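Student: Quick one: sequence plus predicted model below, questions after.
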Amino acid sequence: MQLVDREVVHSGTVTLGTTASSSGGFDLVDGGRGGHKTYDLNGGTSGTGALFHDADDTWGDGTAANRQTAAVDAAYGAAVTWDFYKSAFNRNGIAGDGRAAYSRVHYGNAYVNAFWDDTCFCMTYGDGQGNVKPLTSLDVAGHEMSHGLTAATAGLKYSRESGGLNEATSDIFGTSVEFFANNSSDVGDYLIGEKIDINGNGTPLRYMDKPSKDGKSADYWSRNVGRLDVHYSSGVANHFFYLLSEGSGAKTVNGVSYNSPTYDGSTVTGIGRAKADQIWYRALSTYFTSSTDYAGARTGTLKAASDLYGAGSAEYNAVAAAWKAVNVN
Ligand SMILES: [Ca+2]
Ligand SMILES: [Ca+2]
Ligand SMILES: [Zn+2]
């Protein structure tokens, strides 16, 4: 495994693992993290295309015009996600078995999405509008790969309230991956997709402090929230996670300003993202099932907080307060 600086589109210059090739040069294979491989689909939509290879082990140049650039973004996203799961949860990879996923970039033509596929246990990225805005930012990578984590644990069904919880789990851990990276070119924030400019006007895809800022997501639970698209019903849990981590009201984190409201006007005091991550992960991996809804998520996270910090602990009480603040009782 080599450790060399590489230029990536969204994350500046980073250090990653590559592997010397038997035929000379280097392959984009991360031997330190299960042997994760990154492939060039070159506009294709199936198979694995070609493994990225480079003569001198300096990859990409920070522009989308260089086709290695999105590849190192993808490899970096996979590496940081791997390291975050290991560091935060002592989990060995997405499935917890030490097996690496693989990543594919340059999928299709001007494809404006990225997706995880459990069948291939692989991650795929499009190049975005005009093939110049690859969807390879860190939070998107962490989001998509965390769908693999959910599939390997709770298996939350991708519809109605369980689907909202599935989507929120990906936003939660995608965000935590971004904070964990501690990368000054893409600081940690409670916004989703702020680097990929998918709306074309510089706004992020989603906001965790007040999800309705996107014009579509729910801030609070209501009886019909499960009828929303799962990317909008997720708002309730994203808002819960923000409140549990940072608390209600105005706050600036890493230079980004937030102002998180509560359903009942209550004040919530945060316990920090690290503890909120532990509670969510334990609930996801121990108590949530395929059919867990918001009421079940409340019960599961309270049990998790009780296991980790004690019933009646400040953390346990904060979980209860944060759910109440998003109208889950
Ligand atoms: Ca960021
Ligand atoms: Ca973000
Ligand atoms: Zn998703």
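Tutor: Okay, I see it. Note that the structure is a prediction, hence the values are computed from the model and not measured. Ligands and ions are numbered 1, 2, ... in the order given.

Student: Going by C-alpha atoms from here, please, whenever you check contacts or count neighbours.
Tutor: Noted.

Student: Under a three-state scheme, what state does Ser257 occupy?
Tutor: The three-state label given to Ser257 by DSSP: H, G, I helix; E, B strand; the rest coil is strand.

Student: Apart from its neighbours in sequence, what residue is nearest it?
Tutor: Lys251 (5.9 Å; C-alpha to C-alpha, 6 or more residues apart in numbering).

Student: Tabulate the CA atom coordinates of the helix or strand hosting that neighbour in PDB.
Tutor: Counting by DSSP states H and E, the element that carries Lys251 is strand 249-253. What follows is strand 249-253 as a C-alpha-only set of coordinates in PDB (Å, rounded to 0.1, in the frame of the first residue of the first chain):
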ATOM      1  CA  GLY A 249     -32.100  27.600  18.700                       C
ATOM      2  CA  ALA A 250     -29.400  29.500  16.900                       C
ATOM      3  CA  LYS A 251     -25.900  28.000  16.700                       C
ATOM      4  CA  THR A 252     -22.800  28.300  14.400                       C
ATOM      5  CA  VAL A 253     -20.700  25.200  13.800                       C
END
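
Student: how much space is there between the residue nearest to Ser257 and ligand 1?
Tutor: Applying C-alpha to the ion, to the nearest Å, the value for Lys251 to ligand 1 is 16 Å.

Student: Could you pick out the longest strand of the protein?
Tutor: In the chain, assigned by DSSP state E, the strand with the most residues is strand 12-20.

Student: Indicate whether stretch 178-186 makes contact with ligand 1.
Tutor: Yes: judged by C-alpha under 5 Å from the ion, stretch 178-186 comes into contact with ligand 1 through Asp186.

Student: which of the residues in that stretch are buried?
Tutor: Within stretch 178-186, the residues scored as buried using 16 or more other C-alpha atoms under 10 Å are Glu178, Phe179, Phe180, Ala181, Asp186.

Student: What of stretch 282-301?
Tutor: Buried positions in stretch 282-301, judged by neighbour count with 16+ other C-alpha under 10 Å: 282-285, 287-294, 296-301.

Student: thinking again about what came up before, residues in contact with whatever helix or strand comes next after the longest strand of the chain?
Tutor: Remark: after strand 12-20, the chain's next helix or strand is strand 26-27, criterion DSSP H and E. Strand 26-27 is contacted by residues Thr18, Thr19, Ala20, Ser21, Leu51, Phe52, His53, Asp54, Ala55, Asp56, Asp57 when judged by C-alpha atoms under 8 Å, 6 or more residues apart in numbering.

Student: from the chain's centre, how far out does strand 26-27 sit?
Tutor: 27 Å (C-alpha atoms, centre = their mean, to the nearest Å).

Student: Give me the sheet partners of that strand and which way each runs.
Tutor: The pairing partners recorded for strand 26-27 under DSSP bridges are strand 12-20 (antiparallel), strand 53-54 (antiparallel).

Student: Emit the ChimeraX select command for whichever of the contacts of strand 26-27 are buried.
Tutor: Entered in ChimeraX, the line below selects the buried ones among the contacts of strand 26-27, by 16+ other C-alpha under 10 Å:
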select :18,19,20,51,52,53,54,57
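
Student: from the contacts of strand 26-27, which single one is nearest ligand 1?
Tutor: Among these, Thr18 lies closest to ligand 1 (C-alpha to the ion), at 25.2 Å.

Student: Dump the C-alpha coordinates for the longest strand of the chain into PDB.
Tutor: Written as PDB, here are the backbone C-alpha positions of strand 12-20 (Å, rounded to 0.1, in the frame of the first residue of the first chain):
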ATOM      1  CA  GLY A  12      -8.700  19.200  -1.800                       C
ATOM      2  CA  THR A  13      -5.500  17.100  -1.600                       C
ATOM      3  CA  VAL A  14      -5.900  13.900   0.400                       C
ATOM      4  CA  THR A  15      -3.800  10.900   1.300                       C
ATOM      5  CA  LEU A  16      -5.100   7.400   0.300                       C
ATOM      6  CA  GLY A  17      -4.000   3.900  -0.100                       C
ATOM      7  CA  THR A  18      -3.000   2.400  -3.500                       C
ATOM      8  CA  THR A  19      -1.300  -0.800  -4.500                       C
ATOM      9  CA  ALA A  20       1.700  -1.500  -6.700                       C
END
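
Student: mean confidence score for it?
Tutor: On average, the pLDDT along strand 12-20 is 85.

Student: Do that strand and ligand 1 come into contact?
Tutor: No: using C-alpha under 5 Å from the ion, strand 12-20 stays clear of ligand 1, coming no nearer than 12.2 Å.

Student: picking up where we left off before, tell me the contacts of the residue nearest to Ser257?
Tutor: Neighbours of Lys251 in contact, by C-alpha under 8 Å, 6+ apart: Ser257, Tyr258, Asn259.

Student: For Asp171, state which of the residues you listed is nearest.
Tutor: Distance to Asp171 across the contacts of Lys251 (C-alpha to C-alpha) is lowest for Tyr258, with 16.6 Å.

Student: Distance check, that closest one against ligand 2.
Tutor: Remark: distance between Tyr258 and ligand 2 (C-alpha to the ion) = 13 Å.
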